[in-house]
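Chemist: coordinates only, sequence not included:
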């Protein structure tokens, strides 16, 4: 999830664990701990783009990292406060604030390597990385709670309500996803899709609008389902797999072909129409609904600049830059089925 959401979650956990004893200091340290796993983005800037993508949400988002970081942080902060609070309370605060970060990220499309060093990346694909319906109510309940006296029962009740709301919203996303997935076989009639490889994932900023990604031997098909309207086959976009072009790529140094397949979970389309070969990770959708059909390029891609048949440079994904062309009025018309 985005940084603000992780700060809110970490602060709420810190408040729940130690707010009565520490006051707002518990929320502050919970917020700090809740952002620590995402410091791996710093390492990405000094790595090969594909290797950096593999490292993100890896070790730092694992239960092993939480177990290692917890006693170190508890000891350091305990010393900072001259052992004013029990070391066991610090350990509980830091462990839960850190470990809930990757647990939340598991619900997003990117997933986490929660059981590092095992390579499996857990992902439920049930909440978008930025979802105001999750973050705003949760954050407002926490904010009001922090203005109340630490001894206040209402303070604890408001914070607890925020945590419960966040859990219910995540479960709601899973339930909606499963319902749409269960009906997805009816969405692509006549295309002989592989139903066991159908992917359903939320669209930006909402749990009311979902992307459905299906495939056959040669193509991927991307359609959209709003909870307020029926599936519209006219909105389906088709992308040629073109997988053979990635197999032909020769790398300067380390070969990243298998890494790309792993990162995309096999949902990739290759565009070789220019000197920059693009590998699109279709799990993150494409731009047609966000730009009111002025562009249908996939949101997430890796670009390989080919020089004399060899990859000379790799450009990593920058999805934020794609939102500059967004038409949010038209987009939310799609969300609410207008």
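Modeler: Noted; the coordinates are in hand. Every value quoted in this text rests on a predicted model; they were computed, and no experiment measured them.

Chemist: can you give me how far whatever helix or strand residue 69 lives in is from the chain middle?
Modeler: Element membership for residue 69, per DSSP states H and E: helix 63-80. Average the C-alpha atoms of helix 63-80, do the same for its chain, and the two points are 25 Å apart (C-alpha atoms, centre = their mean, to the nearest Å).

Chemist: likewise stretch 177-197?
Modeler: 23 Å.

Chemist: who's in contact with the most centrally placed residue in the chain?
Modeler: The residue lying closest to the centre of the chain (C-alpha atoms, centre = their mean) is residue 108, at 3.6 Å. By C-beta atoms under 8 Å, 6 or more residues apart in numbering, the contact list for residue 108 reads 1, 123, 125, 127-129. Quick note: C-beta positions are derived from backbone N, CA and C, even for glycine.

Chemist: Tell me the buried residues in the longest helix seen in the chain?
Modeler: Identified as the longest helix of the chain according to DSSP state H is helix 153-183. Neighbour counts over helix 153-183 (16 or more other C-beta atoms under 10 Å) mark 155-156, 158-159, 162-163, 166, 169-170, 173, 176-177, 180-181 as buried.

Chemist: Does anything pack onto the worst-scoring helix or strand of the chain on mean pLDDT? Which helices or strands?
Modeler: Least confident element among the helices and strands of the chain, by mean pLDDT, DSSP states H and E: helix 40-44 (a mean of 81). When contacts are defined as 3 or more C-beta pairs under 8 Å, 6 or more residues apart in numbering; DSSP states H and E, helix 40-44 packs onto helix 49-55.

Chemist: quick revisit: could you identify the buried members of the contacts of residue 108?
Modeler: 1, 123, 125, 127-129.

Chemist: quick check, nearest of those to residue 336?
Modeler: Among these, residue 128 lies closest to residue 336 (C-beta to C-beta), at 16.1 Å.

Chemist: isn't the closest one right up against residue 208?
Modeler: No. When contacts are counted by C-beta atoms under 8 Å, residue 128 is not listed as touching residue 208 (10.8 Å).

Chemist: So for residue 7, what's the pLDDT?
Modeler: Listed pLDDT for residue 7 reads 97.

Chemist: now residue 166
Modeler: Residue-level pLDDT assigned to residue 166 equals 97.

Chemist: Was I right to think it contacts residue 134?
Modeler: Yes. Between residue 166 and residue 134 there is a contact under C-beta under 8 Å: 6.6 Å.

Chemist: Got phi/psi on residue 226?
Modeler: phi -90, psi 150 (degrees, to the nearest 10).

Chemist: My guess is it contacts residue 334. True?
Modeler: Yes. Counting by C-beta under 8 Å, residue 334 is a contact partner of residue 226 at 6.6 Å.

Chemist: ok now do the residue lying closest to residue 33 once chain neighbours are set aside, which residues does it touch?
Modeler: Nearest residue to residue 33 in three dimensions, chain neighbours excluded: residue 97, at 3.7 Å (C-beta to C-beta, 6 or more residues apart in numbering). Applying C-beta under 8 Å, 6+ apart, we find residue 97 in contact with 10, 13-14, 17, 29-31, 33-34.
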